[in-house]
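A.B. asks: Attaching a predicted model along with its sequence, questions to come.
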Amino acid sequence: MTDVQSGLTGKKIHPDAYGALVEALTTINWNRNAYQQDIRRRLRDHPELFARLDFSNGVTKRETSNQLVSLLMAEEKRYRELTVEMMTDISKLDTFPNLTKQVDAEDLLTQARDAVANLQKWAGRHAEIAEEREKFSAELAAHRDQVAKTRGFSEVLDELRQEFLSLHGMTDRQRAGIEFEGFLHRLFTLFDLQPTLAYSLSGEQIDGSIYHDTNHYIVEAKWLAGTVEAKHLRDFDGKVRFKGKNALGLFVSVNGFSEGGKDLFRQATSFVTMDGGDLFCVLDGRIRMDELLARKSEHANRTGDCYFPATQMHL
């Protein structure tokens, strides 16, 4: 047992902090499937807890959250490390992808942000818990980083970074465009986005789809000599809207988008955009692809703006 883990067993968590955890768990996801998947991820190392929770129809999310927190409180010494980890992770949330897709997204987002802020406040009121939490989070982050390296994640990402730079330098642009399909497929696969991509007969456009957080994104990708113009974005918007009101789109253009195109979809959009700068931020390890997609989608739902580059985010 590490020093951090030993320290976490010594001081009791305030009962109101547990209450704040119930509220946060209940409000950060709206759909029951998304809620259940989130709980499953948080309890991945404690299947004995997940098995005791009731997710059946007729049982509300709040009731299930109360079940979980009651179990954590009843065996606080055993589950203190898990509880602190959950409180720490949730109190740092600043995006809520599942909520942004709902009709009353603004009200739901307000509730979630208030609940997360309250959880963060309770954790912060206990200096000793906060100190333990930071030490534990640092150790957990180091452990996860080591696991990622062991699995080859970092090595694959670095290989993709070198491949992207090589594609930029190729003189045969038609061949570079064709190889771009394989590059994107491997990049999306690395982040478990389940890509289905294929080049159109023109040889300069990739069509397909990816999945993230139970959402299905229609994908279009181009590597043109210049920027993607407004016409291309209008055509893509029509394609996405044709799929239905709940359809989402991702338009990737390595060389960016014209100002006219961005202006056209600055207040209402059915898709998000990604350019070469965004891709390089992912390849450089500054942000994960799944997190980048989630933050772009949250921004689009909140503002109606299709364009939110990684360089404008607080990475």
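C.D. replies: Received it, and whenever you're ready, just let me know what you need.
A.B. asks: What residues sit buried inside stretch 43-61?
C.D. replies: With burial defined by 16 or more other Cβ atoms under 10 Å, the residues of stretch 43-61 counted as buried are 43, 49, 50, 53, 61. Where you see a C-beta, it was placed from the backbone N, CA and C, and this is true even at glycine.
A.B. asks: The last one: what's it in contact with?
C.D. replies: Contact analysis of residue 61 by Cβ atoms under 8 Å, 6 or more residues apart in numbering lists 25, 26, 29, 32, 35.
A.B. asks: From these, list the buried ones, please.
C.D. replies: Burial by neighbour count, judged by 16+ other Cβ under 10 Å, picks out 25, 26, 29, 35 from the contacts of residue 61.
A.B. asks: Run a quick check on residue 190 versus residue 157, I expect a contact.
C.D. replies: Yes. Counting by Cβ atoms under 8 Å, residue 190 does reach residue 157; the two are 6.7 Å apart.
A.B. asks: per-domain residue ranges of this protein.
C.D. replies: If you go by automatic domain parsing, the domain ranges for the chain are 3-150, 153-312.
A.B. asks: Need those in TSV (columns: mean pLDDT).
C.D. replies: As requested, the domains of the chain are exported to TSV (pLDDT from 0 to 100):
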stretch	mean pLDDT
domain 3-150	82
domain 153-312	89
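A.B. asks: what's the distance between residue 60 and residue 224?
C.D. replies: Separation of residue 60 from residue 224 (Cβ to Cβ, to the nearest Å) stands at 50 Å.
A.B. asks: does residue 95 belong to a helix or a strand, and which?
C.D. replies: Using DSSP states H and E, residue 95 sits in no helix or strand.
A.B. asks: Now do the contacts for it.
C.D. replies: Residue 95 sits next to 291, 294, 295, 298 when contact means Cβ under 8 Å, 6+ apart.
A.B. asks: same thing but 7 Å
C.D. replies: Applying Cβ atoms under 7 Å, 6 or more residues apart in numbering to residue 95 gives the contacts 294, 295, 298.
A.B. asks: what about the closest residue to it other than its chain neighbours, is that helix, strand or coil?
C.D. replies: Take residue 95 and drop its neighbours on the chain: the residue closest to it by Cβ to Cβ, 6 or more residues apart in numbering is residue 298, 4.7 Å away. Under DSSP: H, G, I helix; E, B strand; the rest coil, the three-state class of residue 298 is helix.
A.B. asks: give the contact list for residue 298.
C.D. replies: By Cβ under 7 Å, 6+ apart, residue 298 lies in contact with 95, 97, 100.
A.B. asks: Please look at the last one and residue 301 and confirm they touch.
C.D. replies: Yes. With contacts defined as Cβ atoms under 7 Å, residue 100 counts as touching residue 301 at a distance of 3.8 Å.
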